[in-house]
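# Here is my input; please provide its structure:
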Amino acid sequence: KKSNNKVSLVSKDLEVIEGFKEAIGAEHAITKSETFDKRTNKTYTGYSVQIGNELFVANLINLGVTSNKTDVLEFPNIEEKYYSYFIAGLFDGDGSIRIKNNKSIGISLISTNEILTFIKNYILNKFNIKPKYYCKVTENKPNVWRMILYADAFKFLKFIYSDNTFKYYLKRKYNVYLNNLDYMERVCRFRKISQYDINMKFIKTWDTIREASVKLSCSYTTLFYHIKHENIFKNYIWKYEK
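Got it, this is the predicted structure:
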């Protein structure tokens, strides 16, 4: 029996629609539309493509993509090697990135509670990435949540953008990451530090000062001070990785 299910992809970024078509080998036409928003008094351009292939639609439904996905979507049952791509796709659609005064970076990601809970637990256990805030977006939609990261924002971006050969990242967000990559690598709190005993025998390399300070039960600034002044701290010598 033929199904009437169809999938429509809508975006204000034409590259998203074109990349989607290329990735699945579709030849469907792209529709352009313009919508006037009375609140902002601006006209916005959008693009969309509609796919009616039954097998394609069925596979998406099996992965949890439904007509009310905003309220019920769960993390799909996919191999771990695809996690970063899926999360990057979420970030492209419902994420934001902010660089403030070339000194700090913050990111926000919006999705269902089920999706964000899975991601929050995964990045904590896998990379020791800890969101700063986790909260509902609005009371009108009880299952729409927001996750915000500051101190570990760069580590999160490095994870979702780990494949530098992948060509379907949304460029306007990916380029913010790339354009600040060198700077962020130099920022002290994002640099790796090495731990030595008092005889300069290597013990371990830590991804960030923050990670080491948590283990040592001390503040980030305290450990930073001792590294900067080349002091022995907690009976260890600490140095930035070159």
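
# What is the neighbour count of the residue nearest to residue 138 when sequence neighbours are not counted?
The shortest distance from residue 138 to any residue that is not its chain neighbour, by C-beta to C-beta, 6 or more residues apart in numbering, is 6.6 Å, and that residue is residue 144. C-beta here means a position set from N, CA and C on the backbone, and glycine is covered the same way. Counted with other C-beta atoms under 10 Å, residues neighbouring residue 144 total 17.

# Helix or strand next in line after the helix or strand where residue 144 lies, which one?
Secondary-structure element containing residue 144, defined by DSSP states H and E: strand 141-149. Sequence order places helix 153-160 as the next helix or strand after strand 141-149, per DSSP H and E.

# Report all helices and strands that that next one contacts.
Helix 153-160 sits against helix 83-94, strand 104-112, helix 113-127, with contacts defined as 3 or more C-beta pairs under 8 Å, 6 or more residues apart in numbering; DSSP states H and E.

# what comes up buried for the first one?
Spelled out, that is helix 83-94. Along helix 83-94, the positions that meet the burial threshold by neighbour count (16 or more other C-beta atoms under 10 Å) are 83-92, 94.

# any idea of the pLDDT on the residue nearest to residue 138?
The score at residue 144 is 90. That number is its pLDDT.

# isn't it right up against residue 137?
Yes. Judged on C-beta atoms under 8 Å, residue 144 makes contact with residue 137 at a distance of 4.6 Å.

# Give me the common contacts of those two.
Taking C-beta atoms under 8 Å, 6 or more residues apart in numbering as the contact rule, residue 144 and residue 137 both touch residue 110.
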